[in-house]
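Undergrad: Give the three-dimensional model of this entry:
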Amino acid sequence: MSKHTHAFQAEVKQILHLVTHALYSNKEIFLRELVSNASDACDKLRFEALDNAALYEDQPNLEVRVFFDPDAKTLTIRDNGVGMSAEEAAANLGTIAKSGTREFMAKLEGDQKKDAQLIGQFGVGFYSGFIVADRITVETRRAGLPASEGVRWSSEGTGEYELETIEKAGRGTDIILHLRDEDAAEFLSTWRLKSTIGKYSDHISLPILMEKEEWDSEKNEQVRKGEWETVNKAAALWTRSKSDITDAEYRDFYQQISYDAEAPLAYTHNRVEGRSEYTQLLFVPKKAPMDLWNRDKRGGVKLYVKRVFIMDDAEALMPAYLRFVKGVIDSADLPLNVSRELLQESRDVKAIREGSTKRVLGMLESLADSDSADDKAKYADFWKEFGAVLKEGLGEDFQNKERLAKLLRFASTHADSGVSFADYVSRMKEGQEAIYYVTADTMAAAKSSPQLEIFKKKGIEVLLLTDRVDEWMLSHLHEFEGQSLQNVAKGAVDLGQLQDEAEKKAAEEAAEAFKPTLDKLKDALKDRAKDVRVTTRLVDSPACLVADEHDMSGHLARLLKQAGQSAPAALPILEVNAEHALVRRLDAAGAPFDDLAHILFDQALLAEGGQLEDPAAYVARINKLLTTAA
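TA: All right, here's what the predicted structure looks like:
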């Protein structure tokens, strides 16, 4: 036998320190994590044994056993799953190769979270054992290896671990926790362990076994008799009838698979029969996960085939814009050896994806369209957390574009939030021919946009869009139920029947009378503006910038630039308010026309959230103007 001491990977050292010293709430989470790992090891063996039944050796029945020794103060979680070789033990228990580990440590180091719930979110569940143990011993043997190649791994959770070769007759893994004195009494109890397993692991399809206890009247205490009993239901939750499952069981199952401390916002549980048979149990969380926008994070649900676990995060089963959905899909048709590559090509997977997408959208529609104030509040909460992600579906899911459009919610000049397209259309003024909207970087910028002035004056509602995804979404959505969508910052404003003949005539006369000044402005700004014209949209502001009808908006061009992409070169159009005092002063005696023209343009650019190419020149012109005025 050989025995060697190894140093932990640097990040493991940090995590172990934090787990030991920082995590103190909800200590029982460690049992959930270790039982879940044991179940996963059995699932992996079942999967590998599809091609090599000899891996079962003489133990065809997979199980997890939990037992304790009150004298030695040890708690053991044993599985007869796939086990580990010496190399795998060193790799799996001595290093962390999971993305997000640094973020996990940052959360633990922060003052706002000292919660063991975090431990499961980053694939470091094994180390949760150190919440209650001052030493952990792991005895394991890889299925298919001889008994002489067993491995013992042990550590006190400091900077090192020991690894040695041992004789181990049975395959699988024993995790032996040497409990801290202050925690020994709590977790050296059959009742305590049973209740914790029932709370977190009841759904696991493998039997979780514990020794039976009977009352010994002579000793006046509970005594273990050496007989084993199953302490979980040992049936996958999704395979049971909906009528037999309580809301509390659904909630506990969701928390088990999602590592979420809160209950789900909504869930759906269905068995689908037909050309493709599968069961779906899908949950919408209340809060967005911290890695929702992490492009390296795989999204998707857990995939089972005939109750055999195949993979986590099967992204082919759910569109990317529903990546926040958690849950399980159990197929009766897919092959047990299905891979991620095969999932992309399978017709059955396409049917499952379409069916599951429609089920989630239906779940959201039932909340959004409900007459219940509670359901409407739930949908408002959902939109606040996941609305920006759902908008991605307008460009990704043509089949469900109309359903998605009805689920969209916005702020507007008439309401701070929660405005649907249907709400907007119901409030459209008689003669209004379009749904008007404006895009901006922030809500404050949207509300103060000079392009809104004529709409505010006439009481016309305008949607205020401030999510980065909005411009991309609108490139795929041009109308809603026959009503076209129109950006108030693009093209000429034509209010149609909302503008009376007197207003139209006055605008034409102003443009004609102002033509000489317009020509001079065009010449002064020939390198910065595609055109200069008299506005029909401004009331209080002197000028604004608008994009030509078929050009990219200034807001989208800025977003592309921020993302490191080049935007098509297109000069904006400057619209001026001929009635404004500053515009009237353009031709005043002694006023530097070119300087005023550039100041007018720069102010319009700043008002729409743009950045000046030459701030120093703008400041110099302003200073010159102030000096002249003084």
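Undergrad: contacting residues around the residue most central in space within the chain?
TA: In the chain, the residue lying closest to the centroid (CA atoms, centre = their mean) is L292, at 2.7 Å. Residues in contact with L292, defined by CB atoms under 8 Å, 6 or more residues apart in numbering, are R323, F324, F386, V389. Every residue, glycine included, has its C-beta placed from N, CA and C.
Undergrad: Just the ones of those in helices?
TA: Within the contacts of L292, membership in helices is found for F386, V389, as judged by DSSP state H.
Undergrad: Adding pLDDT, distance to G554 and neighbour count, write the contacts of L292 out as TSV.
TA: Shown next, in TSV, are the contacts of L292 (pLDDT from 0 to 100; distance: CB to CB, whole Å; neighbours: other CB atoms under 10 Å):
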residue	pLDDT	distance to G554	neighbour count
R323	91	31	21
F324	93	32	20
F386	95	28	22
V389	93	25	19
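Undergrad: how about CSV for the contacts of L292, with distance to Y437 added?
TA: Listed next are the contacts of L292 as CSV, based on distance: CB to CB, whole Å:
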residue, distance to Y437
R323, 26
F324, 25
F386, 21
V389, 20
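Undergrad: Need the max-distance pair from the contacts of L292.
TA: R323 and F386 (9.5 Å; CB to CB).
Undergrad: Residue ranges of each domain in the chain, please.
TA: Split into domains by automatic domain parsing, the chain comes to 3-230, 237-368, 408-497, 499-629.
Undergrad: Out of those domains, which gets nearest to D397?
TA: Between the domains of the chain, domain 237-368 lies closest to D397; by CB to CB that is 5.8 Å.
Undergrad: and which of the contacts of L292 is nearest to Q611?
TA: Nearest to Q611 among those is V389, at 28.3 Å by CB to CB.
Undergrad: Skipping adjacent residues, who's closest to the closest one in space?
TA: Closest residue to V389 apart from its sequence neighbours, by CB to CB, 6 or more residues apart in numbering: Y321 at 5.8 Å.
Undergrad: For that neighbour, give me its contacts.
TA: Taking CB under 8 Å, 6+ apart, we find Y321 in contact with V389, L390, K391, E392, G393, E396, D397.
Undergrad: Surely it forms part of a helix?
TA: Yes: per DSSP: H, G, I helix; E, B strand; the rest coil, Y321 lies within a helix segment.
Undergrad: coming back round to it: could you tell me which of the contacts of Y321 count as buried?
TA: The neighbour-count criterion (16 or more other CB atoms under 10 Å) marks V389, L390, K391, E392, G393, D397 among the contacts of Y321 as buried.
Undergrad: The last one contacts T357, correct?
TA: Yes: contact status for D397 versus T357: in contact at 7.0 Å, counting by CB atoms under 8 Å.
Undergrad: which residues are in contact with both of those two?
TA: P319.
Undergrad: out of the contacts of Y321, which one sits closest to H178?
TA: Distance to H178, by CB to CB, is smallest for V389 among the contacts of Y321, at 44.8 Å.
Undergrad: hang on, isn't the closest one packed against P319?
TA: No: using CB under 8 Å as the test, V389 is too far from P319 to be in contact (10.5 Å).
Undergrad: Other residues contacting stretch 79-87?
TA: Contacts of stretch 79-87 (CB under 8 Å, 6+ apart): 38-45, 48, 55, 59, 62-65, 92, 140-143, 145, 149, 151, 163, 165, 170-173.
Undergrad: now with 7 Å?
TA: With CB atoms under 7 Å, 6 or more residues apart in numbering as the test, stretch 79-87 has contacts from 38, 41-42, 44-45, 48, 59, 62-64, 92, 140-143, 145, 151, 163, 165, 170-173.
Undergrad: which ones are touching L556?
TA: Listed by CB under 7 Å, 6+ apart, the contact partners of L556 are E471.
Undergrad: Check E186 too.
TA: Contacts here follow CB under 7 Å, 6+ apart; on that basis E186 touches R192.
Undergrad: swap in R533?
TA: L518, I573, E575.
Undergrad: Highest neighbour count among those?
TA: In terms of neighbours by other CB atoms under 10 Å, the contacts of R533 top out with E575 at 25 neighbours.
Undergrad: Counting neighbours, what do you get for the residue nearest to that one when sequence neighbours are not counted?
TA: Once flanking residues are discounted, E575 sits nearest to T535: 3.7 Å by CB to CB, 6+ apart. Counted by other CB under 10 Å, the residues lying close to T535 total 29.
Undergrad: So Q59 versus S243, what's the distance?
TA: With distances taken as CB to CB, to the nearest Å, Q59 is found 36 Å from S243.
Undergrad: and if you look at V66?
TA: Per CB to CB, V66 is found 30 Å from S243.
Undergrad: ok, those two, which is more surrounded?
TA: Each of V66 and S243 has its neighbours counted (other CB under 10 Å); V66 has more, 23 against 5.
Undergrad: That one pairs with what?
TA: For V66, the beta-bridge partners under DSSP bridges are I77.
Undergrad: what sits against it?
TA: So V66 contacts I77, L193, I197, I208, M210 (CB under 7 Å, 6+ apart).
Undergrad: ok, the third one - contacts?
TA: Applying CB under 7 Å, 6+ apart, one finds that I197 lies in contact with L31, V35, V66, I208, V231, N232.
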